[in-house]
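> quick one, structure for this:
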Amino acid sequence: MPIDATASPGVQVCSLKRDTPQSVPANSPYTVIRFPFGAAESTDRFSMHQVNQPDGYVVTNWDSDARSGLIWPSTAGWGVLYAMIQWEAGNYDELRDQFVRDPLGLTPTPDDTTATEHRPPSPGMQCWTKHWGVFVDPAVPLAVRATHDDSVARNIVLAEFKLVVHQAA
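Numbering: from 1, shown residues only. Here you go, the predicted structure:
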């Protein structure tokens with residue numbers, strides 16, 4: 001089997017972290033979790049999370065623009081998604097989260113959700129992790145989004161979102 005000399009060796013990784021609160025409205029639809037760019041993110045060696053997005057859009061305020069929550073895969077392949085979400089304590093009956101392809105309707109096949117989970121709360125702060133595998137394409141952005149059923153807005157106080165792309169045969 002010949003080796004593709006243009007392929008990057010190993011896996012390609014984008015790792016995002018948000019350590020400032022993001023408010024999620026009461027009983028809202030799913031909200032894309034937004035992440036900072038540049039030095040404030042964990043790692044983006046393969047340019048999957050950029051202010052200047054592949055479709056020409058420029059994010060001017062990461063904290064208010066849902067596009068800052070998008071990871072645009074650097075290559076097609078088998079993608080493993082990871083997320084960590086920590087909610088402030090609240091009066092929840094249920095917390096919800098999911099991975100989604102094209103959550104903002106930027107491609108012909110938008111809002112393809114996967115790994116949706118509805119979780120009962122635990123005592124105190126709500127801390128969750130998840131991972132899921134999907135085929136990824138550079139033309140289709142990915143996001144993690146969340147919501148809750150409390151009667152008041154609640155904060156996600158810490159979040160991480162990661163994509164690891166493996167070459168697929």
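> list the buried residues for stretch 12-21?
Buried positions in stretch 12-21, judged by neighbour count with 16 or more other C-beta atoms under 10 Å: 12-18. Yep, even glycine has a C-beta here, placed from its N, CA and C like the rest.
> again with stretch 57-76
The neighbour-count criterion (16+ other C-beta under 10 Å) identifies 59, 62, 65, 67-75 as the buried residues of stretch 57-76.
> would you list those in CSV and tack on pLDDT, distance to Leu142 and secondary structure?
Formatted as CSV, those follow (pLDDT from 0 to 100; distance: C-beta to C-beta, whole Å; DSSP: H, G, I helix; E, B strand; the rest coil):
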residue, pLDDT, distance to Leu142, secondary structure
Val59, 97, 16, coil
Trp62, 96, 17, coil
Asp65, 97, 16, coil
Arg67, 97, 12, helix
Ser68, 97, 13, helix
Gly69, 97, 9, helix
Leu70, 98, 7, coil
Ile71, 98, 5, strand
Trp72, 97, 8, coil
Pro73, 97, 7, coil
Ser74, 95, 12, coil
Thr75, 95, 13, coil
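> which of those residues sits closest to Val24?
Gly69 (12.4 Å; C-beta to C-beta).
> list the contacts of the closest one.
By C-beta atoms under 8 Å, 6 or more residues apart in numbering, the contact list for Gly69 reads 32-35, 103, 143-145, 161.
> rerun at 10 Å
Shown here is Gly69, whose contacts under the criterion C-beta atoms under 10 Å, 6 or more residues apart in numbering are 16, 18, 22, 31-35, 49, 59, 62, 100, 103-104, 141-145, 159, 161.
> not counting sequence-adjacent ones, nearest residue to it?
Here the nearest residue to Gly69 in space, its sequence neighbours aside, is Val32; by C-beta to C-beta, 6 or more residues apart in numbering that works out to 3.9 Å.
> bridging residues for that neighbour?
Per DSSP bridges, the residues bridged to Val32 are Arg145.
> I figured it was touching Ala66, is that so?
Yes. With contact defined as C-beta atoms under 10 Å, Val32 and Ala66 form a contacting pair (4.3 Å).
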